[in-house]
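[1] quick one, fold the following:
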Amino acid sequence: MAFDETPTLVPLPDPYLACEHEQGEAVFADEHGERTIWAHAVFCQCTLPIRALPDDKRFYNVQHGNVSLMLQAGHYRDHQGLIHEQFVPSGPKARILFAYIIDRARSSGYPVIDMGKNLYQFMRQNNVPVGSKNRDELVNQVRNITASDISVGMWAETAKSEVSQTRQFKVASTISFWRDKQVERSEKEWDPIINLSDDFMTILDNHTFEIRVRPLIELQSSPRAMDMYMWLTYRVHKLKHTVKISYQDLHSIFGLQTRDIRDFKKSFRQSIEKALPYVPIADVDFTSEKNHLIIRNQKHRIHAVGGKTTEPATSNLPVEGVFGDLRELGLSVKSIEKLVQETREIEIQQALTLTKQRMDTANVNNPAGFFLKALKGQWELPKSVQQTKDDHSAEAVTEFDEEFEKTIECKEWKIVRDKMHKRFGVQKFHSWFKGLELIKYESDTVVLRAPTPFIRDWIKRHYVNDFKAAWKSVDNSITSVDVVSPKKN
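    Down below sits the predicted model:
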């Protein structure tokens, strides 16, 4: 049976329409104008194999602190229906591809990713050769990634309990092959379109941050140096104090393919030294201690004054990761500084996760207060949490407020709200989106007003790309969606 005569099991859209949001997608830039993309904390702490595993090794597992990542090789069915045994994703191209997939999904909010012409355009824009050998390796790693099974594990503990969670999933739930019959191309030139699994999209909701593209491209001759760049970028920004890490621990994380720890220490140092110029705030000390690597944040480095060591006079709290999230909850600077000094990061993360889960299912009038009670182990629902309904009962909102939505005058805004309700559900819509007001819809720009500064900041950090994608599906001319503060009395 010919390919285009195969019965369709799942309705599939035209991929070039489904991936249209990728065309002309705005590229982020840092303060120096360099291109940046989204990365995920798990893949910066638990790295891929630096080179291909032996053919008979079908899985790869790495653990870093309270996070673990396991990749298992799978099988791949091509456009002719032939099944191929694939391998664990590895090497520099797999790292670039994961970065591309995570960035496209996180930026657009859509799970449909073009791994054909849009991917090659991305590679060419970043000066990555896409011909002959490089193209074959890219195609091979695309197949490895889409065929693989992933297991992400997280562990945390408090004074009262321990929590371990494992999420298992495939990167892609669907892979489709498309070829424009009106364009003369080889029978082998089929463009793969992948539809990311719901579980993969879910992990992108949290723990993403921006990295620069240029270091990844310039360091691709050394996969471990690529890892060091991403690891240092993620880790050092969060450091308030000096950290010592044993080479034994580093070997178990980054050196799984290097047996002798002495060989690992040498290659590891070379990789760090290659990455350091791209992370100028990182201060890495190889020599002070024989068995430990010492890492500091240059901004928080201890200075010598009159023969004594003192901390810098100015307070410079981390703005990313856990402590950046705490600032969004509304904690005072004094409270956050105390938490930083106590370095109770595991307990903080556990309480922060509980707070976010509660905020996703109910209105929390005092997020900072809820968090501090959760941190103390007071897990029961405090009085500050009110699950709002018209009758003010304690029940959660379970129905979409159709009557309220009828009061929305702008039909495009009404469609966007309906899309966000269907995507995120009644609880999240009621907690975060219901109170938004459309105050500008002109040319290529949309501006929304939030009922509180906290909701404004939360939406801008976590949902603005989802709103942008929803608006573009209604009006493709929209390129900017902003959320502003409530009116001042």
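[2] how many residues are close by residue 128?
    18 (other C-beta atoms under 10 Å). The way it works is simple: take the backbone N, C-alpha and C, and place the C-beta from them, glycine included.
[3] nearest residue to it in space, please, no chain neighbours.
    Leaving out its chain neighbours, the residue that sits closest to residue 128 by C-beta to C-beta, 6 or more residues apart in numbering is residue 217, at 6.1 Å.
[4] check whether the one you found really touches residue 124, as I assumed.
    No. The pair residue 217 / residue 124 is not scored as a contact, 11.5 Å apart, by C-beta atoms under 8 Å.
[5] tell me which of the two has more neighbours.
    residue 217 (16 against 11).
[6] buried residues in the host helix or strand of the more buried one?
    Here residue 217, judged by DSSP states H and E, is contained in helix 213-218. Neighbour-count burial for helix 213-218 flags 213, 215, 216, 217, 218 (criterion: 16 or more other C-beta atoms under 10 Å).
[7] among those residues, which one lies nearest to residue 246?
    residue 215 (26.2 Å; C-beta to C-beta).
[8] what residues are up against the closest one?
    By C-beta atoms under 8 Å, 6 or more residues apart in numbering, the contact set of residue 215 is 226, 229, 275, 278.
[9] quick check, nearest of these to residue 370?
    Nearest member of the contacts of residue 215 to residue 370, counting by C-beta to C-beta, is residue 229, at 36.7 Å.
[10] packing partners of whichever helix or strand residue 469 is part of?
    Secondary structure from DSSP H and E places residue 469 in helix 464-474. For helix 464-474, the packing partners by 3 or more C-beta pairs under 8 Å, 6 or more residues apart in numbering; DSSP states H and E come out as helix 91-108, helix 411-428, strand 445-449, strand 480-484.
[11] wait, which of those is closest to residue 246?
    helix 91-108 (25.3 Å).
[12] packing partners for whichever helix or strand comes after the closest one?
    Sequence-wise, the next helix or strand downstream of helix 91-108 (DSSP H and E) is strand 112-114. Counting contacts by 3+ C-beta pairs under 8 Å, 6+ apart, strand 112-114 packs against helix 15-18, helix 91-108, strand 191-196.
[13] next, count neighbours for the spatially closest residue to residue 462 that is not a sequence neighbour.
    Closest residue to residue 462 apart from its sequence neighbours, by C-beta to C-beta, 6+ apart: residue 205 at 7.1 Å. Neighbour count for residue 205, taken as other C-beta under 10 Å: 13.
[14] ditto for residue 437
    14.
[15] ok, the residue lying closest to it once chain neighbours are set aside - contacts?
    Among residues not flanking residue 437 along the chain, residue 449 sits closest, at 4.4 Å (C-beta to C-beta, 6+ apart). With contact set as C-beta under 8 Å, 6+ apart, residue 449 has these partners: 436, 437, 439, 483, 484, 485, 486, 487.
[16] so which bits of stretch 219-226 are buried?
    Neighbour-count burial for stretch 219-226 flags 219, 220, 222, 223, 224, 225, 226 (criterion: 16+ other C-beta under 10 Å).
[17] residue 198: which of the residues you listed is nearest?
    Nearest to residue 198 among the buried residues of stretch 219-226, with distances taken as C-beta to C-beta, is residue 226, at 28.5 Å.
[18] who touches the closest one in this structure?
    92, 95, 215, 216, 219, 220, 275.
[19] can you rerun that using 6 Å?
    Listed by C-beta atoms under 6 Å, 6 or more residues apart in numbering, the contact set of residue 226 reads 95, 216, 219.
[20] can you tell me the element it falls in?
    Assessed by DSSP H and E, residue 226 sits inside helix 223-236.
[21] and the contacts of the helix holding residue 469?
    21, 107-110, 412, 415-416, 419-420, 446, 478, 481.
[22] from these, list just the buried residues.
    Buried among the contacts of helix 464-474 by 16+ other C-beta under 10 Å: 21, 107-110, 412, 415-416, 419-420, 446, 478, 481.
[23] check whether residue 440 really touches residue 478, as I assumed.
    No. Applying C-beta atoms under 6 Å as the test, residue 440 and residue 478 come out as separate, 11.4 Å apart.
[24] where does the stretch 351-489 of the chain dip in pLDDT?
    For the stretch 351-489 of the chain, applying pLDDT under 70 flags the ranges 360-366, 377-400, 454, 488-489.
[25] next, count neighbours for residue 102.
    Around residue 102 there are 21 residues (other C-beta under 10 Å).
[26] pretty sure it contacts residue 41?
    No. Taking C-beta under 6 Å as the definition, residue 102 is not a contact partner of residue 41, at 10.8 Å.
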